[in-house]
Structures are given as C-alpha cells and as structure tokens.
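In: Quick one, fold the following:
(one chain, ligands or ions: 1)
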Amino acid sequence: MMRPGFDAARCIVVKVGSSLMQAGDAVIAAIVSDVVALRSRGVRIILVSSGAVALGRIRLSLSAGDLSLEQKQAAAAAGQPLLIGLWERAFAMHRVVTAQALLTLDVTEDRRSWLNARATLSALLDLGAVPVVNENDTIATDELRYGDNDRLAARVAQMSGADLLVLLSDIDALYEADPRLTPDARAIHDIPEIDDRIRSMAGDANERAGVGTGGMRTKILAAELAGGSGCATAVASGLAKNPLMSLASDEHGSWFYPSRSSASARERWISGVVSQNGAVRVDAGAATALALGKSLLPVGVQRVEGQFERGETIRILGPDGQVIARGVTAYSAADARLIAGCRSDEAEIRLGYRRSSALIHADDIVRTGPAEAAR
Ligand code: GLU
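Out: Residues are numbered from 1 along each chain as shown. Here you go, the predicted model:
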C-alpha cells in the first residue's frame, strides 16, 4: 500500500541521527540522493543533522565514557565543521548548495527570533539551498538546551510549516517489544494517535535501542510536538537503500498521523494570542485582497494604531474600523508607520533595508468570521 501523506508533502524536515553520520559515506550519499530526488519534485527540504559531538569526540581523542558538559561543547565545536563538510561534499556531487543554521532553544521559544529564523530558512529554500540545522551546542547552557535533535527537528518542522518530519536513525520503526530481546516483535507501521500504550512502548522496550541522545522516547515526544501543528512524523532507518523514498510504502517505518490539520493549528496559534495591542486599518482594495487569501502589503495600509513589535499578533481593521482579520506582523509599529501607504520599492528606501514585501504574510493571517468581528 502507498502512503498518500508522503506524496502530498510539500515541505519535509529530515532529521539525521548521530549514528548515521558515523556509518560511512554511502549512508550519507543515499540520504542525499533521496533529498535531491524529492527536491526535483518541488518538495522543500530542511535537514537537521546530529553528530557534531560524536565526530568531534574522535577528533579531540576524548574517551568513550560520559563527557562533562564542557567536553561535549568542545567536541561539538570541533565536530560541527566536519559534520557540515560531510553534507557539503555529498550535496556538491549533485551541484546542490548547503547552508549551516545553528539554533538554540531560546531562538525557537522567542517569537521574534523564531520569525527571523523562519525567514532565513525560507530564503535559503527559495534560493535553492539545503539548510542543515543543528543545535548551537557550543553556547547552549545546560538548562537552555534541547540536548536531543528529535525535539529540535520538531520545532524546525513547526517553524517551517512542514507537513512531514522524518526521523532517520538506526531504529527502523516503533516495535511492540525490543526486537533484540523478542525477535518476533511486531513493528507498528501506522500510529493514528499517540496514547499511553504507545508511550509505554517507548518507556521500556525501545528505550535502550537508541544510539545517541534520542532513542524512541524523544521520537514520540517529537511526533507529539509536530502533530500538534498538523505535521506528520515518520520514524525510519537511515541505513536503508532509499531511506526517504521507501516511506512512500506503508511497510516501511512508523508513521505518526498529526492530531490536527496544519491550517487549524496555525489559526489557533494566531487567534489564540491574548495580547493584540496594535492594529492596522486597511483600504477597500486591501480588504478585498485579504478576503481572497492574499498577503497584506504596506500600500493598502491607511493607519497604524498602538505599539507592537515584529512578531506580535495584531488586528487588521477594514475601512469601516471593523476587525476583518488577525495576523503576525513582519514589521514593528514604528516601521509600519514609516511604510504605510507605500509601494514596496519606496518602502525599502524609507526603511533603509529590504525585507519581505508583505507587512503580514498570507500564511500569518487568520480572517475573522462575522460573529467574531463583533467581539
Ligand atoms: N546536537 C548534538 C550533536 O550534533 C546531537 C544531539 C542528539 O544526539 O540528538 O552532536
């Protein structure tokens, strides 16, 4: 059977576990060749690659046992250039450019940084590059660390509006019991819902199966995070011949279905934001464009009300002052005032820098129904 979700995916975040980065060039080449094939179908792909600590540890001749936090950070600093080099060389064979993006927990938890990181990843994809994300282990402190890249990858999937998160490691699926202890343990290929039964499988049997920091527990956590934003998650072996393409068949890997649609998750997030201090009043042309699902351009803005920062949710008012939508603004109130009513080229001159031409991107706008408009 085929998995329609795989063919339908427009943006995929692929997380590659540490053990795979040490498994040899052929493993990386197979992943890269599948990424290239998917890109040629128009799929946007972001890689989240682990392995900096594992590669750096060898480079610095650190012992095999537990490392202190400082030693791990030193290992990551020494290993990250090797890691990026492995991807660079493998993608260069296909004439594809890679780009390194190192994120920390505070970047993904602070909305302004979140928007900046999202804009950068999106620009890289528009320019045809493959972003290779990792945690910035060197500066992350213990309490401000992801520690495992499964959850980091889930946050990147949310950030980029991905519809599929693939977690590649040496674990090929979620099993009912530890397959090394119970050889006839069954793999579960489809997980419509993450309930206590599924969580308990990660808690014991599969816990020891993982190499690296992750293991099955963090994979299920990642699937829950991603699923809440409408993104499906697949857990699969990175050692397969076609680690990504094979996911088209439902006999490979474990597929976690999202708990809600991506559109509704985004809408909930935008309309659920409590403080909506500011507002922009738009002209009739912009109101019509918004009704058609278009972005809000500065030229359609007549007035900017209140104070807000880039990344805040603000109200969008129609020409009669009624709330017609809410959206996450790409500009602060001060900058929005500067460019209100301007065409994009003039806006750039007034601001002295160039950013996205939309004041609020269509993806960040939720239109308000008639009942809500009265609130
Ligand atoms: N950021 C860590 C590294 O690159 C990976 C953490 C993990 O194992 O998921 O080594």
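In: in the stretch 101-250 of the chain, which spans are strands?
Out: 130-135, 164-169, 174-175, 187-188, 190-191, 232-237 (DSSP state E, counting those that start in this stretch).
In: In JSON lines, list those along with distance to residue 120 and mean neighbour count.
Out: For every residue, glycine as well, the C-beta is placed using N, CA and C. Formatted as JSON lines, the strands of the stretch 101-250 of the chain follow (distance: least, CB to CB, whole Å; neighbours: other CB atoms under 10 Å):
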{"stretch": "strand 130-135", "distance to residue 120": "8", "mean neighbour count": "24"}
{"stretch": "strand 164-169", "distance to residue 120": "19", "mean neighbour count": "29"}
{"stretch": "strand 174-175", "distance to residue 120": "33", "mean neighbour count": "22"}
{"stretch": "strand 187-188", "distance to residue 120": "37", "mean neighbour count": "16"}
{"stretch": "strand 190-191", "distance to residue 120": "32", "mean neighbour count": "16"}
{"stretch": "strand 232-237", "distance to residue 120": "24", "mean neighbour count": "24"}
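In: And the ones you listed: which comes nearest the ligand?
Out: strand 130-135 (4.3 Å; CB to the nearest ligand atom).
In: For the closest one, the averaged confidence score.
Out: Here strand 130-135 scores 96 as its mean pLDDT.
In: That strand and the ligand in contact?
Out: Yes: applying CB under 6 Å from any ligand atom, one finds strand 130-135 in contact with the ligand at 134-135.
In: Any chance you could list what contacts that strand?
Out: For strand 130-135, contacts defined as CB atoms under 8 Å, 6 or more residues apart in numbering pick out 35, 39, 45-50, 52, 80, 83-84, 87, 91, 96-105, 121, 124-125, 145-147, 149, 152-153, 156.
In: Near the ligand, which residues of this protein? Just list them.
Out: Checking the chain against the ligand by CB under 6 Å from any ligand atom, the hits are 18, 50-54, 76, 134-135, 137, 148-149, 212-214.
In: So which of those residues belong to helices?
Out: Counted as lying in helices by DSSP state H, out of those, are 18, 52-54, 76, 149.
In: Just put those in CSV and tack on distance to residue 278, pLDDT and neighbour count.
Out: As requested, those are exported to CSV (distance: CB to CB, whole Å; pLDDT from 0 to 100; neighbours: other CB atoms under 10 Å):
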residue, distance to residue 278, pLDDT, neighbour count
18, 44, 92, 24
52, 41, 94, 29
53, 43, 92, 26
54, 47, 92, 21
76, 40, 93, 25
149, 36, 90, 28
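In: quick check, nearest of those to residue 337?
Out: Using CB to CB, residue 149 comes nearest to residue 337 of these, at 41.0 Å.
In: The nearest residue to the closest one once chain neighbours are set aside: how many residues sit nearby?
Out: Counting by CB to CB, 6 or more residues apart in numbering, residue 50 is the residue found nearest to residue 149 once chain neighbours are left out, at 4.5 Å. Using other CB atoms under 10 Å, residue 50 is surrounded by 28 other residues.
In: what separates residue 50 from residue 194, distance-wise?
Out: From residue 50 across to residue 194, the span is 23 Å (CB to CB, to the nearest Å).
In: Wait, a strand at residue 326?
Out: Yes: under DSSP: H, G, I helix; E, B strand; the rest coil, residue 326 falls within a strand.
In: Residue 86 is in contact with residue 31, isn't it?
Out: No: assessed by CB atoms under 8 Å, residue 86 is found out of contact with residue 31, at 10.6 Å.
In: Output the below-cut-off pLDDT ranges for the stretch 51-200 of the chain.
Out: 108-109, 140-147 (pLDDT under 70).
In: for residue 359, what are its contacts?
Out: 280, 295-298, 301, 329-331, 336, 339.
In: Phi, psi for it please.
Out: phi -70, psi -40 (degrees, to the nearest 10).
In: before we move on, the earlier item: of the residues of the chain next to the ligand, which pair is most distant in space?
Out: Maximum distance among the residues of the chain next to the ligand (CB to CB): 15.7 Å, for 76 and 214.
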